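Visitor: Dropping a prediction and its sequence here:
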Amino acid sequence: AGAITGSSAEAVTLNSGTTGGATVAVGTIGASNQIHTVNITGTDGVTLNGDITTDNTASASVDIAGPVTLGADITIDTDATDHGGSITFASTATINGGQSLTMISGAGDIALQGVIGNSTALTGLSVNATNGDDGDIEITDIGDGDPAAGVAGTVAIGNANTASLTLDGTRYNTNGTTTYEAVAGSGSIKITGDNVSITTADDDLTFDAGNIVLSTAGTTTISTGTGAGNLQIDGTIDGTNNQAENLTITTGSGSATLDGTIGGTTPLTTISINAAQAGAINLVGIGDTDTVGTTGGGTATVGHTTTTTLTLDGSFYSTDGLQLYTAKAGQNIDITGTSAAFTTTNDNVTFATAGVDLNNNGTTTINTGTGTGAVSFAAAIETNGGNDDILTITSGTGTVTFTGAIGATQELGGLNVNASSGNGEIVFTSTIGDTNAPQSGVIGTTNIGNTSTTKVNLDAALYSFDGTTTFEATSGETFEISAATTIETAG
């Protein structure tokens with residue numbers, strides 16, 4: 001068919017039937033804004049060669065079934081002055097063709113139930129990308145899962161007013177800057193498939209505004225590839241009760257910025273963020289005051305030995321499983337969140353390879369419970385100065401190990417290690433303070449151990465303090481000093 005226009009709220013139905021070459025090819029529909037509904041069925045194919053526009057009356061709609069080929073850059077617009085209309089591509093309506101597709105529906109819902117770009121990638125995809133269009137959006141799949149991208153160009157899905165964005169397929173493979181957006185809060189971005197892969201090919205990927213809910217057991221993988229694509233997630237990420245959901249995030253050399261808490265309302269099972277990649281990480285939190293972010297002993301593995309910087313700028317990092325934070329050698333793990341608290345249920349908390357900077361001008365607390373959860377620092381611990389960064393550790397029966405120097409450049413404002421409970425061994429393999437300054441490593445109160453502590457090991461040459469300092473352990477030969485050591489306080 002060529003162009004189709006109407007004179008008064010017309011209904012257009014095009015059906016190829018099921019025999020012969022059962023296809024439909026159509027040009028522009030509704031250029032005069034007088035077409036109310038459009039229903040196109042092409043059993044063997046639908047070719048869209050022109051835009052589709054509906055009129056300004058309630059309940060307008062566009063429904064397409066059958067494999068779709070874009071013969072040109074296509075816009076489907078059901079957002080009239082006073083009314084929005086729905087747009088539906090049925091499950092048979094795969095969408096292919098080296099052209100762009102733009103859909104605008106206002107308050108109308110959009111459902112794309114066929115695979116987008118499963119044989120020929122689109123050059124761009126825009127779905128209610130302009131603020132104000134608040135209709136729900138459902139998208140089943142993008143790309144063919146090789147992963148070959150279903151769109152080679154910019155992808156913009158949803159906006160700040162989109163009420164609900166549901167990704168109910170298993171693959172969303174794009175090659176271009178990609179944004180998924182919905183209204184802030186309220187679990188407005190729903191990822192409902194199992195073992196879902198959302199990827200770009202070294203391009204920026206953004207989940208804008210809306211909170212994310214994972215609702216089916218499996219592993220959700222979010223990746224920007226191996227190159228410089230950055231990931232930005234604005235909202236929280238939660239699981240669903242009774243579903244074992246794992247989250248894996250990779251960004252290559254690009255940064256991963258997670259500005260919402262993971263598992264703060266409903267926990268996930270495991271969390272892995274750039275566990276084999278170099279990209280910088282900014283993580284605002286795992287779990288909350290009354291919710292562990294991982295359950296069933298699930299681990300949280302954040303960073304790699306090549307990670308450039310790891311910033312922990314939240315207040316809560318709570319898991320029912322071990323926590324491992326890693327960055328490249330140097331002072332590259334920054335704890336900046338106010339009163340940051342790291343808690344596990346008798347599981348290890350490890351800061352590996354990189355040194356830790358306490359930059360929150362308050363107290364950082366690490367508590368692994370009453371069991372065997374160990375706490376270890378692989379390199380130096382410093383602060384941002386100001387003498388107000390305090391470190392408090394409780395490890396139950398677990399060992400606490402400080403491998404690097406403490407406060408050699410910028411002193412801590414206080415240090416408490418199993419001061420009131422726990423019998424785990426406490427090991428200092430390097431110094432506290434620095435003889436070159438000279439400088440105390442802690443300015444403020446220091447409490448190391450309690451009457452139940454099995455052993456305190458001091459294996460370096462200097463332990464320098466400026467403030468009330470107490471070392472305590474159970475009776476017997478429980479202090480082990482393995483080198484010529486100076487223990488001093490100022491004044």
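Guide: Received it, and whenever you're ready, just let me know what you need.
Visitor: which residues touch His83?
Guide: Counting by C-beta atoms under 8 Å, 6 or more residues apart in numbering, His83 makes contact with Asn56, Thr57, Ala58, Ser59, Ala60, Gly106, Ala107. (Each C-beta comes from the backbone N, C-alpha and C, glycine too.)
Visitor: For those, pick the one with the most neighbours.
Guide: Ala60 (26 neighbours; other C-beta atoms under 10 Å).
Visitor: ok, now how distant is it from Leu70?
Guide: Counting by C-beta to C-beta, to the nearest Å, the gap from Ala60 to Leu70 is 22 Å.
Visitor: what's the answer for Gly371, then?
Guide: On the measure of C-beta to C-beta, Gly371 and Leu70 end up 60 Å apart.
Visitor: Settle it for me: which of those two has more neighbours?
Guide: Neighbours around Gly371 and Leu70, counted as other C-beta under 10 Å, are more numerous at Leu70. The numbers are 20 against 15.
Visitor: okay but the more buried one is in contact with Ala121, surely?
Guide: No: if you go by C-beta atoms under 8 Å, Leu70 and Ala121 don't touch, sitting 10.9 Å apart.
Visitor: what's the overlap in contacts for the two?
Guide: Taking C-beta under 8 Å, 6+ apart as the criterion, Leu70 and Ala121 both touch Asn96, Gly98.
Visitor: Could you list which residues are in contact with Thr123?
Guide: Listed by C-beta under 8 Å, 6+ apart, the contact set of Thr123 reads Asp73, Gly98, Gln99, Ser100, Val151, Ala152, Gly153.
Visitor: is Ile189 in a bridge, and if so with what?
Guide: Under the criterion DSSP bridges, Ile189 forms beta bridges with Leu165, Ile212.
Visitor: farthest pair in the contacts of Thr123?
Guide: Farthest-apart pair in the contacts of Thr123 is Asp73 and Ala152; separation 13.9 Å (C-beta to C-beta).
Visitor: what about those two, which has more around it?
Guide: Just comparing Asp73 and Ala152: by other C-beta under 10 Å the higher neighbour count belongs to Ala152, 19 against 14.
Visitor: For Ala374, see how far away that one is.
Guide: Distance from Ala152 to Ala374, by C-beta to C-beta: 48 Å.
Visitor: pretty sure Ser197 contacts Thr174?
Guide: No: between Ser197 and Thr174 there is no contact under C-beta under 8 Å: 11.2 Å.
Visitor: Tell me which of the two has more neighbours.
Guide: The residue with more neighbours, out of Ser197 and Thr174, is Thr174; 28 against 19, by other C-beta under 10 Å.
Visitor: List the residues that contact that one.
Guide: Shown in contact with Thr174 (C-beta under 8 Å, 6+ apart): Leu125, Ile142, Gly143, Ala149, Gly150, Val151, Ala152, Val155, Thr199, Thr200, Ala201, Asp203.
Visitor: quick one: low-confidence parts of the stretch 1-150 of the chain?
Guide: 1, 145-147 (pLDDT under 70).
Visitor: Break down the stretch 1-150 of the chain into its strands, ranges please.
Guide: For the stretch 1-150 of the chain, strands defined by DSSP state E, counting those that start in this stretch occupy the ranges 10-15, 23-26, 35-41, 45-48, 52-53, 61-65, 68-70, 74-77, 86-89, 95-96, 100-104, 110-116, 124-127, 137-142.
Visitor: Can you add distance to Ile487 and give those strands back as CSV?
Guide: Below are those laid out as CSV (distance: least, C-beta to C-beta, whole Å):
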stretch, distance to Ile487
strand 10-15, 88
strand 23-26, 86
strand 35-41, 83
strand 45-48, 80
strand 52-53, 81
strand 61-65, 79
strand 68-70, 76
strand 74-77, 76
strand 86-89, 74
strand 95-96, 72
strand 100-104, 71
strand 110-116, 67
strand 124-127, 66
strand 137-142, 63
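Visitor: Thr192 is nearest to which of those?
Guide: Thr192 lies closest to strand 137-142 among the strands of the stretch 1-150 of the chain, at 9.5 Å (C-beta to C-beta).
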